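> Provide a 3D model corresponding to the input given below.
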Amino acid sequence: MDGVTVIDHPLIQHKLTIMRKKDTSTAGFRRLLREISTLLCYEVTRDLEMTHERIETPITQMDAPVLAGKKLVFVSILRAGNGLLEGMLELVPSARVAHIGLYRNHDTLEAIEYYFKAPEDITNRVVIVVDPMLATGNSSIAAIDKLKERGAQNIRFVCLLAAPEGIKAFRTAHPDVPVFTAAIDSHLNELGYIVPGLGDAGDRMYGTK
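Next up, the predicted model:
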């Protein structure tokens, strides 16, 4: 699909399969989500702008590559997004962090905002939004809307699983925001859950259901 990158690395696919199993424990699910998020972070940051700085090694001086520009901003869509956030921060501990609190109305499936906190200067930063599931797309679309209102311009969206319906809605609303996912599943059921999916990521991560 245009604007969508499926990251099919064998380690990611193997770990995702274990997460899908209904008998995987809460601790195991949480650990695997953190591990996968680190692997996903490698891919979504692959084309970051680089520059060089003069350094001195134990042998000699050299012009060595370093990241250019301002530090990244990771945006977690609460609450399940925090599972992806943790692994990414292990890889990029200097990144700034934003949180967007959204919950889904189970009757209308619309996203309702209850919390938003982000760095003030996100206009010139690469902003990476994380949420395990791109189902209907309503929550992710609302999150991107909010970030663009704040001035974000270079935005990327990362998820574990995506449904075709969610991708279509998301890309229609935000065609300038690329999507990175570990898998595109079959469809959404009548309750708005991804099939075959892995259930509710937040409930499985926190053991609340």
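
> list the buried residues for the helix ranked longest in the chain?
What stands out as the longest helix in the chain, according to DSSP state H, is helix 26-44. In terms of neighbour count (16 or more other CB atoms under 10 Å), helix 26-44 has its buried residues at 29-41, 44. (Glycine included, C-beta is placed from N, CA and C.)

> same deal with stretch 160-172?
Applying 16+ other CB under 10 Å to stretch 160-172 flags 160, 161, 162, 163, 164, 165, 166, 167, 169, 170, 171 as buried.

> what is the longest helix of the chain packed up against?
Using 3 or more CB pairs under 8 Å, 6 or more residues apart in numbering; DSSP states H and E, the elements in contact with helix 26-44 are helix 10-20, helix 81-91, strand 126-130, strand 154-162, strand 179-184, helix 201-206.

> what's the fourth one in contact with?
By that I understand strand 154-162. Contacts with strand 154-162, where a contact means CB atoms under 8 Å, 6 or more residues apart in numbering, come from 4, 16, 19, 33, 36-37, 40-41, 44, 84, 125-134, 140, 144, 147-148, 170, 174, 176-185, 194, 197-198, 201.

> which among the residues you listed end up buried?
Listed as buried from the contacts of strand 154-162 are 4, 16, 19, 33, 36-37, 40-41, 44, 84, 125-134, 140, 144, 147-148, 170, 174, 177-185, 194, 197-198, 201; burial here means 16+ other CB under 10 Å.

> on that earlier part again, would JSON lines of the buried residues of stretch 160-172 with pLDDT be doable?
Below are those laid out as JSON lines (pLDDT from 0 to 100):
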{"residue": "160", "pLDDT": "95"}
{"residue": "161", "pLDDT": "96"}
{"residue": "162", "pLDDT": "97"}
{"residue": "163", "pLDDT": "97"}
{"residue": "164", "pLDDT": "96"}
{"residue": "165", "pLDDT": "96"}
{"residue": "166", "pLDDT": "96"}
{"residue": "167", "pLDDT": "97"}
{"residue": "169", "pLDDT": "96"}
{"residue": "170", "pLDDT": "97"}
{"residue": "171", "pLDDT": "96"}
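
> which stretches of this protein aren't confidently modelled?
Within the chain, the stretches with pLDDT under 70 are 104, 106, 109.

> buried residues of the helix or strand harbouring residue 114, list them for me.
Here residue 114, judged by DSSP states H and E, is contained in strand 111-117. Residues of strand 111-117 classed as buried: 111, 116 (neighbour count, 16+ other CB under 10 Å).

> when you give positions from now on, start the count at 59
With 59 as the first residue, the last one maps to strand 169-175.

> can you get me a residue count around residue 258?
Counted with other CB atoms under 10 Å, the neighbours of residue 258 add up to 15.

> relative to residue 89, how far out is the closest residue to it other than its chain neighbours?
Distance criterion CB to CB, 6 or more residues apart in numbering; nearest residue to residue 258, sequence neighbours excluded, is residue 267 at 6.4 Å. Going from residue 267 to residue 89 by CB to CB, to the nearest Å gives 19 Å.

> same deal with residue 174?
29 Å.

> over to residue 137?
Counting by CB to CB, the separation of residue 137 from residue 89 is 17 Å.
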